[in-house]
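Engineer: quick one, fold the following:
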Amino acid sequence: IIGSGFSGISAAAYLSAAGIIILYIAAYSSHLYFNILPLGMALGFAVGVSIVCLSLFQYYRSELFAVICSIGTYISPLLLGSQKDLIFDSGFFIIWAFAFSFIASFLRTRVLSLTAAYLGIGVFTLLYSKVVDADQLLWISAVLATQFFIFTYGVYYYSLKNKVALAQKEALAYLPVLLFFYGTAYYFINKFNPDVAPWISLGFAAFVYLIYSRANRYVQNLNSQLLVQSFLGVVIFHSGYLQILPDVSKPWLLPVFILLSYIAEKKDFPRASSIVKTILSIIGLIEFGKICVDLAVNSNGNSSLPAVLTIALGLFYYSKGSQYIKVKSELFLGLVHLLSILAIFRILYNYGSFAVSVGWGIYAAGIFALSFVRRDPILAKSSLVVLLGASLKALVYDASQAPSGVRILSLLVTGVILYVSGIFLKKIEKWNQT
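Structural biologist: As a prediction, the model looks like this:
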């Protein structure tokens with residue numbers, strides 16, 4: 001719970017809270033079970049109880065009353081709305097979204113706006129989750145979006161009015177609300193039109209970033225960067241990567257990510273949050289795995305060009321002494337070499353197995369030459385692994401299918417490679433010593 005929480009609540013406050021709960025029960029049961037009051041008067045009674053509850057919050061300064069007020073208010077459509085009226089319910093939820101957002105700013109309680117956001121979006125979704133009519137789906141999506149805009153602007157208005165930025169923990173408490181809204185709104189928009197749903201979701205994410213940017217101008221020490229970047233990362237992954245981006249374009253994300261990492265490091269761009277980095281890393285690993293599988297099993301070679309570009313950019317990025325790569329250089333080079341081996345295999349596959357082995361050997365020799373120029377022991381050792389792998393393949397697989405003379409030649413070549421590799425490993429050890 002944000003703010004003062006429930007700690008240190010007096011016995012009088014607990015008694016007042018119990019009284020408020022009983023008043024809510026009386027308001028709803030008067031119409032629902034006993035038919036003493038008509039629906040309008042019962043709702044009016046419940047609104048009056050909510051006002052009293054907010055007054056008690058101001059008196060006791062306990063978040064307990066904010067929570068009770070939110071629950072007591074938003075439960076009324078579930079209890080009293082036996083015949084659903086979309087227009088009435090829409091007005092009910094929008095009005096209370098305005099009320100709770102701005103009352104929270106004046107009473108200086110973020111718990112009120114937070115619980116109201118959960119309940120407003122959640123209860124409205126629960127009421128109309130089974131709707132299939134296109135016009136109603138569009139209306140429901142619009143109401144959810146309106147609530148989202150109101151609650152988001154309410155958070156901004158709170159910080160602006162009270163000159164109090166969201167604390168780190170407060171900001172993270174709003175992240176589930178954003179994700180909850182994203183999931184519920186996407187559910188209805190996708191039922192209405194699956195083609196436009198991801199684009200609208202990206203528009204919502206842009207709105208959140210716009211609100212954050214404006215608040216950052218007027219409020220000192222704003223701590224919402226992690227919240228906003230995390231939400232943007234989730235939306236971009238789901239709506240952008242999974243829904244909008246065509247499958248044929250996805251393999252090109254890998255070289256683009258490497259290029260952007262290099263530019264970001266050199267230009268000293270603002271650092272992304274750890275969640276955004278994690279999401280981008282997940283996308284990169286997914287595409288890396290898909291490219292590897294495609295190169296290994298598909299004869300059409302659709303991933304060959306993205307793979308070659310990724311290899312070139314990866315080696316270039318490594319050669320520039322990236323700080324990001326230094327801590328995991330062995331892993332990075334291992335992935336680059338794996339991609340290189342598969343790309344050479346796919347490109348030379350139609351020319352025969354021996355041509356693939358020769359291609360691997362040429363690649364390993366080129367990497368080894370580069371390591372000598374840079375005097376890089378890690379790069380040199382990694383190239384020797386590739387070279388040995390190519391030699392063993394030529395010896396065990398290629399030679400077994402060749403005439404006897406070629407087999408003998410393969411044995412001699414493999415022996416020479418192993419001997420020369422041992423000599424070079426000796427020199428590499430001296431690099432480490434110097």
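Engineer: so how far is residue 186 from the residue most central in space within the chain?
Structural biologist: Most central in the chain under Cα atoms, centre = their mean is residue 234, positioned 2.7 Å from the mean C-alpha point. Using Cβ to Cβ, to the nearest Å, residue 234 is found at 11 Å from residue 186. Quick note: C-beta positions are derived from backbone N, CA and C, even for glycine.
Engineer: likewise for residue 379?
Structural biologist: 46 Å.
Engineer: likewise residue 148?
Structural biologist: Distance, residue 148 to residue 186, by Cβ to Cβ: 12 Å.
Engineer: could you do residue 50 as well?
Structural biologist: 31 Å.
Engineer: neighbour-wise, which of these two wins?
Structural biologist: Neighbours per residue (other Cβ atoms under 10 Å) separate residue 50 from residue 186, with residue 50 holding more: 24 against 21.
Engineer: surely that one meets residue 75?
Structural biologist: No - Residue 50 lies out of contact with residue 75 (Cβ atoms under 8 Å); the separation is 11.0 Å.
Engineer: distance of residue 330 relative to residue 24?
Structural biologist: Taking Cβ to Cβ, one finds residue 330 at 63 Å from residue 24.
Engineer: looking at those two, which has the bigger crowd around it?
Structural biologist: residue 24 (23 against 11).
Engineer: what helix or strand is that one on?
Structural biologist: Assigned by DSSP states H and E, residue 24 belongs to helix 11-32.
Engineer: for that helix, buried residues please.
Structural biologist: 13, 16-17, 20, 23-24, 26-28, 30-32 (16 or more other Cβ atoms under 10 Å).
Engineer: any idea which of those is closest to residue 125?
Structural biologist: Closest approach to residue 125 among the buried residues of helix 11-32 (Cβ to Cβ): residue 28, at 21.0 Å.
Engineer: skipping adjacent residues, who's closest to that closest one in space?
Structural biologist: Among residues not flanking residue 28 along the chain, residue 79 sits closest, at 4.9 Å (Cβ to Cβ, 6 or more residues apart in numbering).
Engineer: show me where the chain dips below the pLDDT cut-off.
Structural biologist: Regions of the chain meeting the criterion pLDDT under 70 cover residues 1-10, 31-34, 80-84, 218-222, 266-274, 301, 321-324, 326-327, 394-434.
Engineer: go again with 50.
Structural biologist: Low-confidence segments of the chain (pLDDT under 50): 1-4, 7.
Engineer: report the distance from whatever helix or strand residue 138 lives in to the chain centre.
Structural biologist: Secondary structure assigned from DSSP H and E places residue 138 in helix 134-162. Here helix 134-162 shows a centroid-to-chain-centroid distance of 22 Å under the convention Cα atoms, centre = their mean, to the nearest Å.
Engineer: next structured bit after it?
Structural biologist: helix 168-192.
Engineer: could you point out which element follows that following helix?
Structural biologist: Counting by DSSP H and E, what follows helix 168-192 is helix 197-218.
Engineer: that next one vs helix 134-162, what angle?
Structural biologist: Calculated by axes from the mean of the first three to the mean of the last three Cα atoms, to 10 degrees, helix 197-218 forms an angle of 10 degrees with helix 134-162.
Engineer: list the helices and strands helix 197-218 packs on?
Structural biologist: helix 134-162, helix 168-192, helix 225-235 (3 or more Cβ pairs under 8 Å, 6 or more residues apart in numbering; DSSP states H and E).
Engineer: now that helix: buried residues?
Structural biologist: Within helix 197-218, the residues that count as buried by 16+ other Cβ under 10 Å are 197-198, 200-202, 204-205, 208, 211-212, 215-216.
Engineer: residue 348: which of the residues you listed is nearest?
Structural biologist: residue 198 (39.4 Å).
Engineer: buried set for the helix holding residue 138?
Structural biologist: Buried residues in helix 134-162 (16+ other Cβ under 10 Å): 137, 139-141, 143-145, 147-148, 150-160.
Engineer: what's the angle between that helix and helix 225-235?
Structural biologist: 160 degrees.
Engineer: what's helix 134-162 packed up against?
Structural biologist: Using 3+ Cβ pairs under 8 Å, 6+ apart, the elements in contact with helix 134-162 are helix 86-107, helix 110-127, helix 168-192, helix 197-218.
Engineer: which of the ones you listed sits most buried?
Structural biologist: Stretch with highest mean neighbour count among the helices and strands packed on helix 134-162: helix 110-127 (a mean of 23; mean count of other Cβ atoms under 10 Å).
Engineer: hmm, back to that, list the buried residues for the helix or strand that the helix holding residue 24 is followed by?
Structural biologist: Going down the chain from helix 11-32, the next helix or strand is helix 39-60, by DSSP H and E. Across helix 39-60, burial judged by 16+ other Cβ under 10 Å covers 42-43, 45-47, 49-50, 52-54, 56-57, 60.
Engineer: turn those into JSON lines, including distance to residue 299.
Structural biologist: JSON lines is the format used below for those (distance: Cβ to Cβ, whole Å):
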{"residue": "42", "distance to residue 299": "71"}
{"residue": "43", "distance to residue 299": "68"}
{"residue": "45", "distance to residue 299": "74"}
{"residue": "46", "distance to residue 299": "69"}
{"residue": "47", "distance to residue 299": "70"}
{"residue": "49", "distance to residue 299": "72"}
{"residue": "50", "distance to residue 299": "68"}
{"residue": "52", "distance to residue 299": "74"}
{"residue": "53", "distance to residue 299": "70"}
{"residue": "54", "distance to residue 299": "69"}
{"residue": "56", "distance to residue 299": "73"}
{"residue": "57", "distance to residue 299": "69"}
{"residue": "60", "distance to residue 299": "73"}
